[in-house]
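Asks: any chance you could fold what I've pasted below:
(chains A and B)
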Amino acid sequence: MTTADVAAVDPAGTEVLGAAPVPPVIDLRALTRSFPGDPPVVALRPTDLVLQEGDYLSIVGPSGSGKSTLLNLLGLLDRPTGGEYFLDGEPSHTVNERRRTALRAGRIGFVFQAFHLLPHRTVLENVMLATIYAGVPRAERYGRAVAALERVHLEHRLTFRPTTLSGGERQRVAVARAVVTNPRLLLADEPTGNLDSTTSGEVLDLFDELHADGLTLAVITHDDDVAARAQRSVRITDGLLEVLR
Amino acid sequence: MSRLSVRDLAVEASHGIGARPGRLFLTILGTVLGIAALVVTMGMAQTGAGQIARQFDAVGATQAVARAGEAQTMGGETRARTTLPWDSPDRVTRLAGVEAAALLADVDVAGARISAVPIVDPTAVAGVPPAVVATSPELLAGVRATLATGRMFDGGHDARSDRVVVLGSGAAERLAINRVDSQPSIFIGEDAYTVIGILDDTARRKDLLDAVILPLGTARTDFGLAAPGELQMRIAVGAGEVVAEQVPIALSPNTPENVEVQAPPTGGELQRNIRGDINIVFIALGGVALVVGGLGIANVTLLSVMERVGEIGLRRALGATRGQVATQFIVESVVVGLLGGLIGAALGVFVVVGVSVAQEWTPIIDMPLAIGSALLGGVIGLVAGAYPAVKAASLEPVAALRGGL
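Replies: Numbering: from 1, shown residues only, chains lettered A, B, ... in the order given. Okay, here's the model as predicted:
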C-alpha cells in the first residue's frame, strides 16, 4: 500500500521540487515550535533540514535542547507552530488529524528508549499490533510480522513474552514492529538509552543493516558512539540546529 | 484510512481485559451482585406468587361464601339486612360456575349440656361444650368435607326434622364416640340425637370438626333457628367474578345489594398483586447495587486508563485514531459489564433454584428477564466506560508516550 500512496503524491512532490523525481523523505522549511507562555518558550527555532531516501541521520544534543521536540514534530506526534514539513512530499503541516494519524501508521516507524512493548502479549502479537492500525490485510499480517522478526534475527522468539527477553532483544522486537509496515522513515528516540554497550551494539548493527537495505533513519541520541554510526549528523543546542556532517 | 475491524477490536479489548484477572474479578463484583440481586428479587417474587397461587388454587380459588349483609342500627347494634332463603343451595347450584353449595347456621342451644350419657356427673370436669351447627344435607360437597365413618344426613332427615347428628372428629373424640354402627346417641339438654356419621376432615370451616352438626330442619324445630347464617359454595376455577355478580341476584332478586359474596379474584390478578408488593422494595435495592457496580466499573476503567497511558501513547504512535482508542476502552468496559451481568444472572438463577429446592417450591423465572438482566450489565458497562474512554482518547500521544509500559 505504501508504494501506491507514494505514486499518488508523486506529482505534487515533483512540482514542489522541480526536477527531482522522488521527493525527499523529510523536507523541513523554517519549521518552528514554541510553547505559549509569557514570554513564549521557543523549543525549536526555524529549522531547515532535508533527509533524502536512504539517509541515516543522528540528532545529538544535551538534555532539554529540543531534540525530543524535533522528534515529535518529525513523527507527527506534535504540530509545528510555524514553517512547513513535507513528509514524503506530502504537506503534513496542513493536513487534518485523521490524515496525520494515517501517515503515522503508514510512513513512520517508531523505536522508543523504553521499548514500549505490551508485556502481556507475545513478541509476534506485539509486532502484529502495528499492522492492525496500518490497515494491513489480516491474511498478510502473520507473514509480514514473521518476516520482520527474521529481519531482526528473532524468529526463534515468536511466542515469547517481552518480559522474558533481554533488553537488546526487546529493542530488536520494537525495531521489528517499527519496520513491519514498510515505513519510509524510522524514528528512534534514544534507542540504546536503556541498554548496555554489548546489546547497544546489537541494535546499532541492526540499524546499519536496515540502512544498507535502503531504509531512511533518524536517530536521536546523546551518545557519541551511536551518533558516529550515522553518515549524517546534526546537533541541537537551545532549539538551534547545526549540521555537523 | 485504516478502520479497525470488529475482530481486531475484540482481540485488543479482550487482551486488555484479561491482562489482570484479579482486578477483573473485583471490577465485575459490583455488577455481579447488583444483577444477581435483581434476578433473585424478581425470580423469588415470581416463584412466591406462583406458590401462593398454587395453594389458593387448591381451595381458595374455588371456594366462595355468601352472607346476608349487615347494617348498623341506631342503637349501635349490627343487624342482618336480609336473610338468606332456606332453598339457597338449590338456587345457586343452578348458576354456571357453582358446583356445590351448603347452608350453614350456628345454633344457639341456650346453654344446654351436650353429652354422650343423660346423667349429670358432678365429678366431671366442666368443659366448653362443642358448638352446634345446622347445615343443609349438601355440606360434604359444599365445604369439601369427608366422613370418617357412617353417613351424612339427607333431605329426608331435614324435611322430617329427624333427631340425627353428624359429629366432627374432634367433637366425637370429646364425646367418646368412635363408631356409628351401634347407633350411639348424644344428648343435647334432655333430648337424644342419633349419631349417624363422623367427619374426618374438611377443607373449609375447620370449626366443623369440633362441632355437632344437625339438619337445618331439626334445628328450626328444636331450637327455633330463625335464619341460615352463610352459604358455602364450591365454584369452578376462575368463576369467582361471575359468582360474585350472580349469586346475590339469585338469592335476593329484589335487593341483591343486601347479600355479600366473598369470591376469590382470578389467579392472574392475585399473582400480579403479590408480585407487585414484593418487587418494589427489592428492585430498588437491586438498582442501588447496580449503581454501585457501575461506579466500580467506571472507577477501575479510569484507573486502568491512567495505568495504560504508555500503551495508549504507543497505539497512537502506531497510527490509532482517538476514536479507535476510545472504542477499545468502551468495548472493554462493555464486555466487563456484560461479563458481570452474565455471572450475576446465572448466580441469581442458581439462588432462586436453590431456595426453591430447599422450600420444595417450583422455581419460576422469566427467561427474557434473566437474559435482559445480563444485557443490562453490558449497558451499565457502556455508561460507566464512556467517561474513561473519552479521557483515554483525549490523551496527547507525546505526553502519553512519556509514561512507560
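Asks: which residues touch stretch B:9-22?
Replies: Contact partners of stretch B:9-22, identified using Cβ atoms under 8 Å, 6 or more residues apart in numbering or on different chains, comprise A:118, A:120-121, A:125, A:132, B:4, B:24, B:304, B:308, B:327-329, B:331-332, B:335-336. Glycine gets a C-beta too; all of them are placed from N, C-alpha and C.
Asks: only whichever of these are buried, select them in ChimeraX.
Replies: A single ChimeraX command selects the buried members of the contacts of stretch B:9-22 (16 or more other Cβ atoms under 10 Å in any protein chain shown):
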select /A:118,121,125,132 /B:4,24,304,308,327,328,329,331,332,335,336
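Asks: now residue B:24, nearest residue through space, not along the chain?
Replies: residue B:17 (6.1 Å; Cβ to Cβ, 6 or more residues apart in numbering or on different chains).
Asks: which stretch of helix or strand covers the one you found?
Replies: helix B:6-18 (DSSP states H and E).
Asks: quick one: residue B:34 and residue B:344 touch, right?
Replies: Yes - in this structure, residue B:34 is within contact of residue B:344 by Cβ atoms under 8 Å, at 6.6 Å.
Asks: who has more neighbours out of those two?
Replies: Per other Cβ atoms under 10 Å in any protein chain shown, whichever of residue B:34 and residue B:344 has more neighbours is residue B:344, with 32 against 28.
Asks: phi and psi next, for the more buried one.
Replies: Phi and psi for residue B:344, reported as degrees, to the nearest 10, are phi -60, psi -40.
Asks: contacts for stretch A:228-239 next, please.
Replies: Contacts for stretch A:228-239 (Cβ under 8 Å, 6+ apart): A:42-45, A:49, A:51, A:55-62, A:65-67, A:69-70, A:204, A:207-208, A:217, A:219, A:227, A:241-245.
Asks: 6 Å instead?
Replies: A:42-45, A:55-61, A:65-67, A:204, A:227, A:241-245 (Cβ atoms under 6 Å, 6 or more residues apart in numbering or on different chains).
Asks: mark which of the residues you listed are buried, thanks.
Replies: With burial judged by 16+ other Cβ under 10 Å, the buried subset of these is A:42-45, A:55-61, A:65-67, A:204, A:227, A:241.
Asks: tell me which entries of those lie within strands.
Replies: Of the buried ones among the contacts of stretch A:228-239, the ones assigned to strands by DSSP state E are A:42-45, A:56-60, A:241.
Asks: reformat the residues you listed as a markdown table; add distance to residue B:97 and pLDDT.
Replies: As requested, these are exported to a markdown table (distance: Cβ to Cβ, whole Å; pLDDT from 0 to 100):
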| residue | distance to residue B:97 | pLDDT |
| --- | --- | --- |
| A:42 | 97 | 88 |
| A:43 | 93 | 88 |
| A:44 | 95 | 89 |
| A:45 | 100 | 90 |
| A:56 | 100 | 94 |
| A:57 | 99 | 94 |
| A:58 | 100 | 93 |
| A:59 | 97 | 92 |
| A:60 | 102 | 91 |
| A:241 | 101 | 90 |
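Asks: nearest to residue B:169, of those residues?
Replies: The shortest approach to residue B:169 among those belongs to residue A:43, at 103.2 Å (Cβ to Cβ).
Asks: which residues touch the nearest residue to that closest one once chain neighbours are set aside?
Replies: Leaving aside its chain neighbours, residue A:43 sits nearest to residue A:69 (4.1 Å; criterion: Cβ to Cβ, 6+ apart). Applying Cβ under 6 Å, 6+ apart to residue A:69 gives the contacts A:33, A:43-44.
Asks: cool, thanks, signing off.
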